[in-house]
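# need a structure here:
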Amino acid sequence: MPFTAYLNGNTVLISSFTELDRGKDFRCKLCNEKMTLVFSSVYSNHFRHLVSSCGNYETIEHLMMKKTLSEWLNKFNYTYEIEALIIDDREIKNIIDILVDKGKTKIAIECQHSKLSYWEADLRTRNLNKKGFFVLWVLDHLTFASNKVTDLEKFLHRIYFGRVYYLLHNRLRPIHFVRVKRYNDYKDYYYTLKRTRKKILGKIIDKPLFLLKIVTDIKTKEKYKIAMFNEKKFW
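Numbering: from 1, shown residues only. Down below sits the predicted model:
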């Protein structure tokens, strides 16, 4: 259920169409199968496959995450593309939820509503890095609010200097897990994150001021290009 589709070979946004456009030859950006318009009074309008769905399927919650973040970026006049299509080294098509253009650099924002394994996030991040993108992961707080800290959160906590970014009630907030050694760039501390989720919510991030870094995962020694928010001290 994406916001974008192909029409006559061009990417188009759902916001450009009405019921009068129903029946036009909309195509999926991944599989090129036919799509139709869906207008909803409850959720955002979107495209949907007519028959079957390829990998380009999303939950309403994921759709709303993209809508919230794109409207936030638009408020501050950022240049971005929603659902940007990329092709990796294996000629496999993939979609970046939101691709922010900052001149010489581009930031790939990945909105994650459903559960995701650590290795999938790791692979996704490294593949995007190979394309030259800095990566920012944003998790849906309602999905990851259980008592157990997932391996995905541990991974993000390591590479984002002791914080994970969550969308909570349509507001972006960093969360720091208390039972973990603080990241120290000079002493090379090792993380010991316990399963109990004790957390401190940072201040709401009101303005998207991006900070780009190349970091090393203390556990795996893998390097990543990541995008953070240039926040003031919030603990």
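# mind checking how far stretch 161-168 is from the chain centre?
In this view, stretch 161-168 has its centroid 12 Å away from the chain centroid, taken as Cα atoms, centre = their mean, to the nearest Å.
# and that stretch, what's buried?
Under the neighbour-count criterion of 16 or more other Cβ atoms under 10 Å, stretch 161-168 has F161, G162, R163, V164, Y165, Y166, L167, L168 buried. In short, each C-beta sits where N, CA and C put it, glycine included.
# make JSON lines out of these and add secondary structure, distance to M228 and pLDDT.
Putting those into JSON lines (DSSP: H, G, I helix; E, B strand; the rest coil; distance: Cβ to Cβ, whole Å; pLDDT from 0 to 100) gives the following:
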{"residue": "F161", "secondary structure": "coil", "distance to M228": "7", "pLDDT": "85"}
{"residue": "G162", "secondary structure": "coil", "distance to M228": "11", "pLDDT": "81"}
{"residue": "R163", "secondary structure": "coil", "distance to M228": "8", "pLDDT": "86"}
{"residue": "V164", "secondary structure": "strand", "distance to M228": "11", "pLDDT": "91"}
{"residue": "Y165", "secondary structure": "strand", "distance to M228": "8", "pLDDT": "94"}
{"residue": "Y166", "secondary structure": "strand", "distance to M228": "14", "pLDDT": "94"}
{"residue": "L167", "secondary structure": "strand", "distance to M228": "16", "pLDDT": "92"}
{"residue": "L168", "secondary structure": "strand", "distance to M228": "18", "pLDDT": "88"}
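# got these as CSV, with distance to R48 columns?
Shown next, in CSV, are those (distance: Cβ to Cβ, whole Å):
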residue, distance to R48
F161, 39
G162, 40
R163, 36
V164, 31
Y165, 29
Y166, 28
L167, 23
L168, 28
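# nearest to I95, of the residues you listed?
L167 (18.5 Å; Cβ to Cβ).
# quick check, the closest one in contact with W137.
No. If you go by Cβ atoms under 8 Å, L167 and W137 don't touch, sitting 11.0 Å apart.
# where do the contact lists of those two overlap?
Contact criterion Cβ atoms under 8 Å, 6 or more residues apart in numbering; residues shared by L167 and W137: none found.
# could you point out which element follows the lowest-mean-pLDDT helix or strand in the chain?
The element with the least model confidence among the helices and strands of the chain, by mean pLDDT, DSSP states H and E, is strand 199-201, at a mean of 70. Per DSSP states H and E, the first helix or strand lying C-terminal to strand 199-201 is strand 210-216.
# so what strands line up beside that next one?
strand 223-229 (antiparallel) (DSSP bridges).
# the helix or strand containing P174 pairs with which strands?
When elements are defined using DSSP H and E, P174 is found to belong to strand 171-177. Strands that pair with strand 171-177, judged by DSSP bridges, come out as strand 164-168 (antiparallel), strand 199-201 (antiparallel).
# let me have these in TSV, adding distance to E231 as columns.
Conversion of the strands paired with strand 171-177 to TSV gives the following (distance: least, Cβ to Cβ, whole Å):
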stretch	distance to E231
strand 164-168	10
strand 199-201	13
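# and those: which comes nearest D25?
When the strands paired with strand 171-177 are ranked by proximity to D25 (Cβ to Cβ), strand 164-168 comes first, at 34.2 Å.
# hmm, who's touching that closest one?
Identification of contacts with strand 164-168 by Cβ under 8 Å, 6+ apart yields 65, 68-69, 111, 136-141, 144, 153, 156-157, 172-175, 177, 201, 205, 229.
# restricting to C-alpha, output that strand in PDB.
Taking Å, rounded to 0.1, in the frame of the first residue of the first chain, the C-alpha atoms of strand 164-168 are listed here in PDB:
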ATOM      1  CA  VAL A 164      17.300   4.600  19.500                       C
ATOM      2  CA  TYR A 165      14.800   6.900  17.700                       C
ATOM      3  CA  TYR A 166      11.100   6.100  18.000                       C
ATOM      4  CA  LEU A 167       7.900   7.600  16.700                       C
ATOM      5  CA  LEU A 168       5.700   8.000  19.700                       C
END
